[in-house]
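1. no FASTA, just this:
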Ligand code: ADP
Ligand code: MG
């Protein structure tokens, strides 16, 4: 008898909510996806406002290229994207931050999601779409400026187990702050602001360079302790990295958390043991144990030497040759520190 089995297909709703947990772990993951969408939409202004660490509400407003009504309806469906056509685009190295086409759908299946958008094409009005627990519940014309506003309310209201898993407001907000900070530093030409419970946490001008963004985000003390790193291939040891650039702090300006190591590969915020070990190796004994500098460092790497098609929640990247990357980063940061007289000489390493 073919029916005599306990194995059955899950209904769509259940599948969606389980999948949602993989992409959206906490408010900061929703913030990350929304900010990435704004940057991919070529915004010059991205305003993030959250309440109670993002557990009550998240609002991301941009002045990017916006969406038509048809775009909005398509955008909240599963696996819909305007960013890639197929696998070839992935292999050749996508430069957009998103490409999986699942963020809006997923966030909307575990929250009450409202999107207002008006395209830049001269449309007179925009559209407001409401998506609740996985269903489009309303689509109406709306007066709004060009660009997009996404509001996420009551995240995980229909997945109580996950809701219970959320940490304190302070912890959830710390994660949100870190995500928005990384994008603000990587995009000094975009005005990025962050508001928590109606208090402005930081705002970059969108008109400065990396140094100006560091000043807006971390304040004067840290900004004044930063020195530039700018090393191209010909001055790096052999390895996949084409260039290393950014800012690193004087050894005396350090913290007890890795949180201030902001590292990027091809403009994507990543963590990598190889990059971190390279940085820490350069500082050597100048830093006490468990002390970390402020670092905002950008690596350019040919797309074939690094895998970007990683799980959305994982920011860890792997290189073909981790050892070479570690040596290259070490050398780039060391030469910047040496140039500024910030290193005691050290024994050469192999
Ligand atoms: P992905 O970013 O992987 O394409 P998303 O679910 O995050 O998938 O978004 C689906 C689509 O909706 C995007 O490909 C884009 O066309 C559109 N979109 C999302 N957010 C915005 C935004 N802020 N401005 C303009 N278009 C957007
Ligand atoms: Mg996206």
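-> Looks like it came in fine. Since the model is a prediction, treat every value here as computed from it, not as a measurement. Numbering: from 1, shown residues only. Ligands and ions are numbered 1, 2, ... in the order given.

2. what residues does the protein have near ligand 2?
-> 37, 98, 103 (C-beta under 5 Å from the ion). C-beta here means a position set from N, CA and C on the backbone, and glycine is covered the same way.

3. what about the residue nearest to the second one when sequence neighbours are not counted, how many neighbours?
-> Going back to what we said before, that points to residue 98. Spatially, and ignoring its direct neighbours in sequence, residue 98 is nearest to residue 36 (5.1 Å; C-beta to C-beta, 6 or more residues apart in numbering). Using other C-beta atoms under 10 Å, residue 36 has 22 neighbouring residues.

4. list buried residues within the residues of the chain next to ligand 2.
-> 37, 98, 103 (16 or more other C-beta atoms under 10 Å).

5. tell me which entries of those residues lie within strands.
-> Among those, no residue falls in strands (DSSP state E).

6. thinking again about what came up before, ligand 2: which of the residues of the chain next to ligand 2 is nearest?
-> residue 98 (2.9 Å; C-beta to the ion).

7. surely that closest one and residue 39 touch.
-> No: Residue 98 sits out of contact with residue 39 when judged by C-beta atoms under 8 Å, with a separation of 9.1 Å.

8. and residue 124, how far from ligand 1?
-> Taking C-beta to the nearest ligand atom, to the nearest Å as the measure, residue 124 falls 18 Å from ligand 1.

9. so where does that residue fall, helix or strand?
-> Using DSSP states H and E, residue 124 falls within no helix or strand.

10. number of residues surrounding it?
-> 7.

11. residue contacts, the residue nearest to residue 98?
-> Residues counted as contacts of residue 36 (C-beta atoms under 8 Å, 6 or more residues apart in numbering) are 97-98, 103, 183.

12. what's the most distant pair in these?
-> Spatial extent of the contacts of residue 36 (C-beta to C-beta) is set by the pair 103 and 183 at 14.7 Å.

13. circling back: least confident of the buried ones among the residues of the chain next to ligand 2?
-> Of all those, residue 98 has the smallest pLDDT value, namely 78.

14. in stretch 9-17, what counts as buried?
-> Buried, per 16+ other C-beta under 10 Å, within stretch 9-17: 16-17.

15. whoops, stretch 228-240 was the one
-> Those buried within stretch 228-240 under the rule 16+ other C-beta under 10 Å are 229, 231, 236, 239-240.

16. which residues does it contact?
-> Against stretch 228-240 from outside (C-beta under 8 Å, 6+ apart): 241-248, 297, 301-302, 305-306, 319-321, 324-325, 327-328, 331-333, 335-336.

17. now that stretch: mean pLDDT?
-> Mean predicted lDDT for stretch 228-240 stands at 96.

18. distance between it and the chain's centre?
-> Centroid displacement of stretch 228-240 relative to its chain, using C-alpha atoms, centre = their mean, to the nearest Å, is 25 Å.

19. can you give me the strands in the stretch 1-150 of the chain?
-> 45-51, 57-62, 112-118, 126-132, 135-142, 147-153 (DSSP state E, counting those that start in this stretch).

20. same check, this time on the stretch 201-350 of the chain
-> Going by DSSP E, counting those that start in this stretch, the stretch 201-350 of the chain shows strands at 226-232, 243-249, 254-255, 261-265, 268-270, 292-293, 295-300.

21. any idea which of the ones you listed scores lowest on pLDDT?
-> strand 268-270 (a mean of 89).

22. which positions within that strand qualify as buried?
-> Those would be 268-270, for strand 268-270 by 16+ other C-beta under 10 Å.

23. no more questions from me, cheers.
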